[in-house]
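1. just need the structure, nothing else, for what follows:
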Amino acid sequence: MSGRLIIIITLSLFALSSGWLMDRLTGTPSVYLSGSSQEPDYYMEDFSTITIGEDGLPLNTLYATYMEHIPADDSLFLVNPKFEIFRTNNEPFFIIADEGRATDDNDEIFLQGNVRMWEENKDGDTTLSVETSDVRIFVLEEYAETDQNATITGKHMTITGQGVRAHFKDSRLEIINHDKTIINDPDTI
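-> Numbers count the residues shown, from 1 in each chain. Sure thing, here's the model as predicted:
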């Protein structure tokens, strides 16, 4: 009986080590599901997506150097996102941030850390810039808001305050709690 037991144990160890060796030789990693829906189920580097309107023209584009999909709420975690909003009668409006999260339907985007929003003229010169943090974008409404400190810089002025509402369609910005406005000398620009 002890001889059979030794043979069974030896064959079992051989079978286990053979499976391990095959896994190592094929280079196929073992997949272990953690069961946590907070864990990303896929990721992508150099992520980009384009939203097209009913007329077939692009409404906006979203880029990120890294993207993770979180299945718990079907959202996207974004590193270094860049959002470009196309407008009918104006040049595009751009927004960049340190990181962000997009909802499952991409209707809302939450940008965190340093956030910069700006628009350019046809020559590529910045005509208006907003520097702030923690911005919430409502994509379909073409609207963004923050309650954080912000600096708005235009060609002839700099405005500081807390809280900004940005209406992309008509290039309108509102400062909720105005701090100060500095008018730049137009001759020095």
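
2. C-alpha from now on. contacts and neighbour counts both.
-> Will do.

3. show me the strands in this protein, by range?
-> 42-52, 58-70, 75-79, 82-85, 93-102, 108-120, 126-138, 143-154, 157-167, 172-183 (DSSP state E).

4. my guess is residue 165 contacts residue 144. True?
-> Yes: counting by CA atoms under 8 Å, residue 165 touches residue 144, with 5.9 Å between them.

5. TSV for the strands of the chain, including mean pLDDT and mean neighbour count?
-> Conversion of the strands of the chain to TSV gives the following (pLDDT from 0 to 100; neighbours: other CA atoms under 10 Å):
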stretch	mean pLDDT	mean neighbour count
strand 42-52	90	13
strand 58-70	92	19
strand 75-79	93	23
strand 82-85	92	22
strand 93-102	94	21
strand 108-120	93	20
strand 126-138	93	20
strand 143-154	93	19
strand 157-167	92	18
strand 172-183	89	14
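
6. domains of this protein?
-> Residue ranges for the structural domains of the chain, counted by automatic domain parsing, are given in the record as 1-31, 42-188.

7. centre of the chain to stretch 89-102, how far?
-> Taking CA atoms, centre = their mean, to the nearest Å, the mean C-alpha location of stretch 89-102 is offset from the chain mean by 9 Å.

8. going forward can the numbers begin at 29, since that is how I track them
-> Understood, numbering begins at 29; the last thing we discussed is stretch 117-130.

9. CA atoms of that stretch as PDB?
-> Written as PDB, here are the backbone C-alpha positions of stretch 117-130 (Å, rounded to 0.1, in the frame of the first residue of the first chain):
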ATOM      1  CA  ASN A 117     -19.600  79.200 -36.000                       C
ATOM      2  CA  ASN A 118     -16.400  79.200 -33.900                       C
ATOM      3  CA  GLU A 119     -13.000  77.500 -33.700                       C
ATOM      4  CA  PRO A 120     -12.900  74.400 -31.400                       C
ATOM      5  CA  PHE A 121     -12.700  74.800 -27.600                       C
ATOM      6  CA  PHE A 122     -10.000  72.700 -25.900                       C
ATOM      7  CA  ILE A 123      -9.800  71.300 -22.300                       C
ATOM      8  CA  ILE A 124      -6.900  69.400 -20.800                       C
ATOM      9  CA  ALA A 125      -6.400  68.000 -17.200                       C
ATOM     10  CA  ASP A 126      -4.200  65.800 -15.100                       C
ATOM     11  CA  GLU A 127      -6.900  63.100 -14.900                       C
ATOM     12  CA  GLY A 128     -10.600  62.600 -15.200                       C
ATOM     13  CA  ARG A 129     -13.500  60.200 -15.300                       C
ATOM     14  CA  ALA A 130     -16.200  59.900 -18.000                       C
END
